[in-house]
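J.: Got a predicted model here, sequence first, then my questions.
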Amino acid sequence: MSAASQLKRSFEKYGTAYITILECIDREGELEAFKTRTFQILKPVLCFWNEANNKDYSESGESQDYTAKVRILSEEITDVADKVNQFCRVVYGNVTTWTESEEWTIETITPRRGPGEFKVLELTLKLPKEGNHVRL
């Protein structure tokens with residue numbers, strides 16, 4: 001068994017969560033200056049989910065976001081890879097409905113290479129904490 005197939009099998013067997021990638025759809029409003037931004041489900045994907053810096057900050061000036069690092073197999077999203085960008089959103093779980101407060105923003109998309117042809121995408125995600133309503 002090749003190293004790439006072993007790593008793929010480890011994703012299938014030990015993946016920690018599903019995420020649903022949401023595609024950003026901009027629609028023109030009645031007036032040219034107004035756009036409506038909506039999101040639709042692009043694809044649910046098995047991943048390794050690792051949250052970081054999620055302490056309860058009470059002092060002013062501290063981080064107001066939850067952050068997470070997500071690793072997914074790039075071959076899992078080859079059919080939609082051209083649509084995955086920083087305007088997309090991610091929802092934890094394999095969902096069909098969600099609320100805006102559950103949407104994680106994509107901060108960075110970093111390709112990683114493993115042995116052989118094995119390729120992983122690492123997404124850095126942010127979720128604003130309560131009271132921090134900064135949205136793109």
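T.: Nice, I can see it. Numbers count the residues shown, from 1 in each chain.

J.: Only C-alpha atoms from now on, for both contacts and neighbour counts.
T.: OK.

J.: Distance from the chain centre to the strand or helix carrying Cys47, please.
T.: In the assignment (DSSP states H and E), Cys47 maps to strand 35-52. Counting by C-alpha atoms, centre = their mean, to the nearest Å, strand 35-52 is centred 5 Å from the centre of its parent chain.

J.: Pull out the buried residues from that strand.
T.: Residues 39, 41-49 are the ones in strand 35-52 that count as buried (16 or more other C-alpha atoms under 10 Å).

J.: could those go into CSV alongside pLDDT?
T.: Formatted as CSV, these follow (pLDDT from 0 to 100):
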residue, pLDDT
Phe39, 90
Ile41, 93
Leu42, 92
Lys43, 90
Pro44, 92
Val45, 90
Leu46, 87
Cys47, 87
Phe48, 87
Trp49, 88
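
J.: what two of those residues are the furthest from one another?
T.: Greatest spatial distance among these (C-alpha to C-alpha): Phe39 and Phe48, at 23.3 Å.

J.: now the helices for the chain?
T.: Applying DSSP state H to the chain gives helices spanning 3-14.

J.: By mean pLDDT, which helix or strand of it comes out lowest?
T.: Lowest by mean pLDDT, DSSP states H and E among the helices and strands of the chain is helix 3-14, with a mean of 73.

J.: counting contacts, what elements does that one pack onto?
T.: strand 35-52 (3 or more C-alpha pairs under 8 Å, 6 or more residues apart in numbering; DSSP states H and E).
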